[in-house]
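# whatever this is, show me its structure:
(one chain, ligands or ions: 2)
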Amino acid sequence: MGSVCSNYLNNFSMKNILITGGAGFIGSHVVRLFVNKYPEYRIINLDALTYAGNLANLKDIEDKTNYTFVKADICDFDKMCSLMQEYDIDGVIHLAAESHVDRSIKDPFTFARTNVMGTLSLLQAARQHWNGNWEGKRFYHISTDEVYGALELDKPEGSAPYGSEFFLETTKYNPHSPYSASKAGSDHFVRAYHDTYGMPTLVTNCSNNYGPYQFPEKLIPLFINNIRHGKPLPVYGKGENVRDWLYVVDHARAIDVIFHQGKTGDTYNIGGFNEWKNIDIVKVVIKTVDRLLGNPEGTSEKLITYVTDRAGHDLRYAIDSTKLKNELGWEPSLQFEEGIEKTVRWYLDNQEWMDNITSGVYEKYYEDMYKNR
Ligand code: NAD
Ligand code: TYD
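Numbers count the residues shown, from 1 in each chain. Ligands and ions are numbered 1, 2, ... in the order given. Model (predicted):
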């Protein structure tokens, strides 16, 4: 890791860190980790509390003295400027975004607004506040592997990997969905602020996350909840698409390492070399939920329902995170079997959290989303 990293760590005490999107799925794990691990930092969680933001995700740390919550929209540039001043922000970890591909297909404008314009608003507010004094400053943007496009499934039989190619940090961007296009746009702006103004930026591109507190529109929590209620499990197309899954706490650990030790201006891929075909992951989830609920094995397999495929559905994502391992020593801490067991248990033990989210407006959205499939 070398002296640059340890110097940076030494210089980085008593700082004010702005985490955006901290009431969401990944953001809440990052906020929790930073608040507990760095009592010397002041952590400001900025979140607009859209449908995906939920302060119940942070109940266990909300009273900590080094934690502050601010409800604000990253697109509100004047507000971003005043918050930068008010809290004298030194570091930004930017997770706030619209994050669901299916929603982006229905409503691309909201994705361009939040993900592109919101990121630009935050970058410009940070630039104005830091005013060319980059010492001890960092702007860390959290992105996705989906910006790289889709890989071939050229080894579809047997076990993973399902193809010979992987996404590298040097892979050319080729986004297909409005979501990934908007994330690509935001990544380009972050790099432009480094190259044009010299801002110390970092970008990471991570694979699919799973774990506690994920909004139940995403595959794993949606299916756990549907199994619990005996509802259909809508598998898109033939269920042959491949995703590379990482336990969310391991993503948060990677963000910690990269925020403190990453080389500014650089990009790191984050992933666990853990590829699964959708239909196989669905079967693992069914098996785990049935076992933990005391159902005979295979009970819920009948809920699998093949539905019309997602438009532009990327076939395969697979991240190569060797650079992160070699340069900064990060590796996932959990095997997938352990992670999925922990995840299913968490959702079954926290049914109130799930029920609060899945009542009312969300139920209506979900019905509309699937009625034409
Ligand atoms: P999420 O949808 O669970 O949370 C997003 C959070 O951002 C919510 O709390 C929401 O209220 C907040 N937000 C949305 N618009 C906002 C705005 N205009 N101003 C302020 N706050 C706003 O998303 P997530 O899954 O936790 O993803 C977090 C980040 O990580 C995103 O940038 C996403 O692109 C990226 N990412 C996600 C995954 C994944 O598998 N979930 C994988 C790689 C990268
Ligand atoms: P998702 O969790 O939406 O993440 P992403 O689209 O960002 O990869 O979906 C994961 C995979 O599961 C993706 O290939 C789409 C598929 N999927 C289904 O088959 N059915 C569903 O109901 C959902 C939400 C996703």
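# output the below-cut-off pLDDT ranges for the stretch 201-350 of the chain.
Confidence mapping of the stretch 201-350 of the chain against pLDDT under 70 gives zero matching residues.
# Three-state assignment for residue 244, please.
Counting by DSSP: H, G, I helix; E, B strand; the rest coil, the backbone at residue 244 sits in strand.
# what's the distance between it and ligand 2?
As judged by CB to the nearest ligand atom, to the nearest Å, residue 244 and ligand 2 stand 9 Å apart. C-betas here are computed from N, CA, C, even on glycine.
# now swap in residue 46 and tell me
Residue 46 sits at a distance of 23 Å from ligand 2 (criterion: CB to the nearest ligand atom).
# show me what contacts that residue?
Residue 46 sits next to 18-22, 70, 72, 74, 83, 96 when contact means CB atoms under 8 Å, 6 or more residues apart in numbering.
# so how far is ligand 2 from the nearest residue to residue 315 once chain neighbours are set aside?
Spatial nearest neighbour of residue 315, excluding adjacent residues (CB to CB, 6 or more residues apart in numbering): residue 150 at 4.9 Å. Applying CB to the nearest ligand atom, the value for residue 150 to ligand 2 is 10 Å.
# what's the burial count for residue 150?
For residue 150, the neighbour count with other CB atoms under 10 Å is 19.
# that one is in contact with residue 318, isn't it?
No: the pair residue 150 / residue 318 is not scored as a contact, 10.1 Å apart, by CB atoms under 8 Å.
# find the nearest non-adjacent residue to residue 201, please.
Nearest non-adjacent residue to residue 201 (CB to CB, 6+ apart): residue 194, at 4.3 Å.
# mind checking the SS state of that neighbour?
With three-state DSSP as the basis, residue 194 sits in helix.
# who touches it in this structure?
With CB under 8 Å, 6+ apart, residue 194 has these contacts: 200-201, 264-265.
# so among those residues, which ones count as buried?
Buried residues within the contacts of residue 194, counting neighbours by 16 or more other CB atoms under 10 Å: 200-201, 264.
# could you single out the nearest of the residues you listed to ligand 1?
Nearest to ligand 1 among the buried ones among the contacts of residue 194: residue 201, at 14.8 Å, using CB to the nearest ligand atom.
# bridging residues for the closest one?
residue 139 (DSSP bridges).
# which residues does it contact?
Here residue 201 is in contact with 138-141, 190-191, 193-194, 264-265 (CB under 8 Å, 6+ apart).
# quick check: residue 128 vs ligand 1, distance?
On the measure of CB to the nearest ligand atom, residue 128 and ligand 1 end up 18 Å apart.
# pretty sure that residue is touching residue 82, no?
No: using CB under 8 Å, residue 128 makes no contact with residue 82, being 10.9 Å away.
# would you list every one of the strands in the stretch 1-150 of the chain?
16-20, 42-47, 67-71, 91-94, 138-144 (DSSP state E, counting those that start in this stretch).
# got those as a markdown table, with mean pLDDT and distance to residue 306 columns?
Output for the strands of the stretch 1-150 of the chain, formatted as a markdown table (pLDDT from 0 to 100; distance: least, CB to CB, whole Å):
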| stretch | mean pLDDT | distance to residue 306 |
| --- | --- | --- |
| strand 16-20 | 98 | 38 |
| strand 42-47 | 98 | 36 |
| strand 67-71 | 98 | 41 |
| strand 91-94 | 98 | 37 |
| strand 138-144 | 98 | 26 |
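# measure stretch 197-205 end to end?
End-to-end distance for stretch 197-205: 22 Å, by CA to CA, to the nearest Å.
# rewinding a little: what is the most widely separated pair among the contacts of residue 194?
Maximum pairwise distance in the contacts of residue 194, criterion CB to CB, is 7.3 Å, between 200 and 265.
# spell out which residues of the stretch 251-373 of the chain are next to ligand 2.
278, 310 (CB under 6 Å from any ligand atom).
# thinking again about what came up before, ok, now which ones touch the residue nearest to residue 315?
By CB under 8 Å, 6+ apart, the neighbours of residue 150 are 174, 176, 314-317.
# so which bits of the stretch 201-350 of the chain are right by ligand 1?
Checking the stretch 201-350 of the chain against ligand 1 by CB under 6 Å from any ligand atom, the hits are 206, 208-209, 215.
# now rank the residues you listed by neighbours and give me the top one.
Neighbour-wise, those (other CB under 10 Å) top out at residue 206, 25 neighbours.
# phi and psi next, for that residue.
phi -110, psi 160 (degrees, to the nearest 10).
# how many neighbours does residue 109 have?
By other CB under 10 Å, the residues close to residue 109 number 10.
# so how far is ligand 2 from it?
Relative to ligand 2, and taking CB to the nearest ligand atom, residue 109 is found at 19 Å.
# just the strands in the stretch 201-350 of the chain please.
All strands of the stretch 201-350 of the chain, identified by DSSP E, counting those that start in this stretch, fall at 201-206, 208-210, 233-236, 242-247, 266-270, 275-277, 304-307.
# right, quick check: the third one against ligand 2, any contact?
If I follow you right, that is strand 233-236. Yes: judged by CB under 6 Å from any ligand atom, strand 233-236 comes into contact with ligand 2 at 234-236.
# name only those of the residues you listed that count as buried.
In the residues of strand 233-236 next to ligand 2, burial by neighbour count holds for 234-236, counting by 16+ other CB under 10 Å.
# and stretch 327-334, how far apart are its ends?
End-to-end distance for stretch 327-334, by CA to CA: 20 Å.
# same question but for stretch 111-118, I mixed them up
10 Å.
# any residues touching it, and which ones?
So stretch 111-118 is contacted by 73-75, 96-98, 103-104, 178-179, 181-183, 185-186, 189 (CB under 8 Å, 6+ apart).
# residues contacting residue 341?
Shown in contact with residue 341 (CB under 8 Å, 6+ apart): residue 288.
# helices of this protein, start to end?
Along the chain, the stretches classed as helices by DSSP state H are 2-11, 25-37, 77-86, 101-106, 108-111, 119-130, 178-197, 219-229, 248-261, 278-293, 322-328, 336-349, 351-358, 361-371.
# lovely, talk soon.
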